[in-house]
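**Student:** here's my sequence, what's the structure:
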Amino acid sequence: MRRARIWRSGRARNALTASCAVAGLALILAACGPVGSGSSSVGTTPVSGGVATYATIPGFPANYIFPFSAGANFTATNSDDLQYLMYRPLYWFGDQGKPYLNQQLSLAYPPVYNGHRVTIKLKSNYKWSTGQPVTAQNVMMWINMMLAEDGKGNWGAYIPGDFPDDVTGIHAVGTSKVEMTIKGAFSEDWFSYNELSQITPMPPNWDVTGPNQPSHCDTTVPDCVAVYNYLSKNAGKPSTWTSPLWSVVDGPWHVVAADNSDNVTLAFNTNYGGPVAPHHISKFKLAPFTSEQAEFNVLEDPPNGQKIDVGYLPTVDAPVPPAGSSVGANPVSLPNYKLSVVYPWQINYFPYNFKDPTAGPIFSQLYFREAFQSLTDQEGVINGPMHGYGKVTTGPVGNWPVTNYLADSQRQGLDPWALNPAHASGLLQSHGWRKNGAGIDVCVSPGTGKSNCGPGVRAGAELKFNFIYATGLDYMESGVKELVSNASLAGIKINAIPEDAGSVIGAVFGGTGSWQLAEWGGWTYDPDYLPTGEVLFGGSSVNNGGHYNNKTNNNLIQKTLTAKTNSQFLAAIHTWDNWLAAQLPVVYTPDAPTLLESANNLVIGQQDPTLLITPEDWYYVK
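**Tutor:** A predicted model of the protein is given here:
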């Protein structure tokens, strides 16, 4: 589930957010201490140095270093756990447990709006590891690359009509300012949170088309095509990550080792200009795992030479809370670790493929989507394989942490489509479906009337679908199996096909295979932090994997993007949230928390729900 990204669970993105949250309670994601302690012998005196090993999300390794990612490389692991540690985004989001702008960790001051003119002023303390300051030309290089690659699908957050299509007159003013003029009506918050949030300044040494082949991408848009081709060609090759090409950073970390098995080691950048804790670790290792169970095995019983300092506890292995206590008030699960419950800023869902020639016309019928959602037992998954951890997803705006963006009707977190196979069967039968000899519903009443199968659904069409899903997450695999069983009660035959996460995402977003239903986890709001819908549900968005396209929806989204005042914006997003929640453009699944295990002698502090981590603040104690 990153930037709004592929889970990251996106972008296939869970990350570190400490929370005392109780399912259905708590209006604020508050800072809180980890639950329990595996040992009382750990001291409290901070020490400098040490190596911390961090388990990346199972099935989602760090495998692409260039912060201009497309398709399957646009994941939370690549952005949050690798790229942003080295190449800082212009604006950093996540502050005090809310998905809001963090001014201290941003490279620039908050943007200043004067009518349609917006001015970005860079701070003077941020610099490259070479000692050179981060300049307006470094910002311009990223923007020029966007202009050069506009519409080619090479930037995962691109939406036709949005940035950079919605600006003109972009130029640097001296060394520390960038100015541009916004076209048409716009919301200032939206432009800051979902447009400027995408920018990552690029170091001067990237302005090349090959070794010793300088270019002028920072000033000349057409030059950026060859620059992009060269950088993207090398970005997925770990053998190049320790080369001079990637060594100039403005973040607190740089790569010192990487291998083809997706193991990455980063060392602290002593020239980092941002805030740093007085004591911190000196190296940060990313350790990949193919499944939750493989990662848990190392947490539980580390083999010789292998350890995890910060890792993920599968919900199926989590301690069930004692009777009468709330989720999160559970005892320690593993010795030598402390447990934190993490609820990222995301939604969990899986899409229908509305463009599939066979299933698409069926998926386009609202009554079918209502029936299918009634076969998805969110509470059952939460109380079963999630061991009580998790929250019901009710609509297109994230339910947790609760923000002003969420409509009042969605705040209770109650599932309006609770498991009800009888209701699902009744809906299908009332619209012209009857079971055949194999127990599969067949359309016997084609047509467009209220009792017919609906526009585009042919006579004899069967409710039989292929469902590809990502392996490696136990709660997801259990949920798929239960859905297959529930669907069969209503005459729907699902052929569940397990695949690795990369293959599922490649099929949905990369066009590498056919699919009708697909699940990989969900979506985190990053780098588009306002959940205004244009990224996931806009008719022309490259991240709208299921190709849902509805004129009313597009118009309601547009109203959120152009609201002039905060009150108008909130009214617009609440209207859209309520409308689209009832339309069920995707299949909503439980919001999966990350149960984060961190070593007792490692302090990681409070994190934020945006999935952005700051290991430069982590330190060991003795």
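**Student:** going by C-alpha atoms from here, please, whenever you check contacts or count neighbours.
**Tutor:** Noted.
**Student:** so where's the chain shaky on pLDDT?
**Tutor:** 1-41, 321-333 (pLDDT under 70).
**Student:** how about a cut-off of 80?
**Tutor:** Applying pLDDT under 80 to the chain flags the ranges 1-42, 71-72, 151, 305, 314-333, 340-342, 413, 593-596, 606-607, 611.
**Student:** could you point out the longest helix in it?
**Tutor:** As assigned by DSSP state H, the longest helix anywhere in the chain is helix 566-583.
**Student:** where do the strands sit along the stretch 51-200 of the chain?
**Tutor:** Taking DSSP state E, counting those that start in this stretch, the strands of the stretch 51-200 of the chain run over residues 51-55, 92-95, 98-102, 112-114, 117-121, 167-173, 177-182.
**Student:** out of those, which is closest to Phe372?
**Tutor:** Closest approach to Phe372 among the strands of the stretch 51-200 of the chain (Cα to Cα): strand 98-102, 31.7 Å.
**Student:** quick check: buried residues in the closest one?
**Tutor:** Lys98, Pro99, Tyr100, Leu101 (16 or more other Cα atoms under 10 Å).
**Student:** got a markdown table for the residues you listed, with distance to Thr594 too?
**Tutor:** Below are the buried residues of strand 98-102 laid out as a markdown table (distance: Cα to Cα, whole Å):
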| residue | distance to Thr594 |
| --- | --- |
| Lys98 | 17 |
| Pro99 | 17 |
| Tyr100 | 20 |
| Leu101 | 23 |
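**Student:** pretty sure Tyr367 is in a strand, no?
**Tutor:** No. Read with DSSP: H, G, I helix; E, B strand; the rest coil, Tyr367 is helix and lies in no strand.
**Student:** what's it in contact with, if anything?
**Tutor:** Listed by Cα atoms under 8 Å, 6 or more residues apart in numbering, the contact set of Tyr367 reads Leu427, Leu428.
**Student:** equivalent analysis for Gly479, please.
**Tutor:** Gly479 sits in contact with Asp377, Val381, where contact means Cα under 8 Å, 6+ apart.
**Student:** how close does it get to Trp345?
**Tutor:** Going from Gly479 to Trp345 by Cα to Cα, to the nearest Å gives 21 Å.
**Student:** tell me the one of the buried residues of strand 98-102 nearest Met146?
**Tutor:** Set against Met146, the nearest of these by Cα to Cα is Leu101 (22.8 Å).
**Student:** give the bridge partners for the closest one, please.
**Tutor:** Leu101 has these beta-bridge partners by DSSP bridges: Phe93.
**Student:** secondary structure element holding the residue lying closest to Val381 once chain neighbours are set aside?
**Tutor:** Spatial nearest neighbour of Val381, excluding adjacent residues (Cα to Cα, 6 or more residues apart in numbering): Gly479 at 6.0 Å. Under the criterion of DSSP states H and E, Gly479 resides in helix 474-489.
**Student:** in the stretch 301-450 of the chain, which spans are helices?
**Tutor:** 360-363, 366-373, 378-383, 421-429 (DSSP state H, counting those that start in this stretch).
**Student:** now the first one: buried residues?
**Tutor:** In other words, helix 360-363. In helix 360-363, residues buried by neighbour count (16+ other Cα under 10 Å) are Gly360, Pro361, Ile362, Phe363.
**Student:** what do you get for stretch 147-157?
**Tutor:** Residues of stretch 147-157 classed as buried: Leu147, Ala148, Glu149, Asp150, Gly153, Asn154, Trp155, Gly156, Ala157 (neighbour count, 16+ other Cα under 10 Å).
**Student:** ranges for the helices of the stretch 51-200 of the chain?
**Tutor:** All helices of the stretch 51-200 of the chain, identified by DSSP H, counting those that start in this stretch, fall at 76-78, 84-86, 136-148, 188-190.
**Student:** give me the distance from the next helix-or-strand element following the last one to the chain's centre.
**Tutor:** Using DSSP H and E, the next helix or strand after helix 188-190 towards the C-terminus is strand 208-210. Between the centre of strand 208-210 and the centre of its host chain there is 31 Å, according to Cα atoms, centre = their mean, to the nearest Å.
**Student:** show me what the helix or strand that comes right after strand 208-210 is packed against.
**Tutor:** Scanning forward in sequence from strand 208-210 by DSSP H and E, the next helix or strand is strand 213-214. Judged by 3 or more Cα pairs under 8 Å, 6 or more residues apart in numbering; DSSP states H and E, strand 213-214 is in contact with no other helix or strand.
**Student:** strand 213-214 pairs with which strands?
**Tutor:** strand 208-210 (antiparallel).
**Student:** quick one: the closest residue in space to Ser541 that isn't next to it in sequence from Gly236, how far?
**Tutor:** Nearest residue to Ser541 in three dimensions, chain neighbours excluded: Ile159, at 4.9 Å (Cα to Cα, 6+ apart). From Ile159 across to Gly236, the span is 24 Å (Cα to Cα).
**Student:** with distance to Ala257 added, can I get the helices of the stretch 51-200 of the chain in JSON lines?
**Tutor:** What follows is these, written out as JSON lines (distance: least, Cα to Cα, whole Å):
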{"stretch": "helix 76-78", "distance to Ala257": "16"}
{"stretch": "helix 84-86", "distance to Ala257": "14"}
{"stretch": "helix 136-148", "distance to Ala257": "26"}
{"stretch": "helix 188-190", "distance to Ala257": "38"}
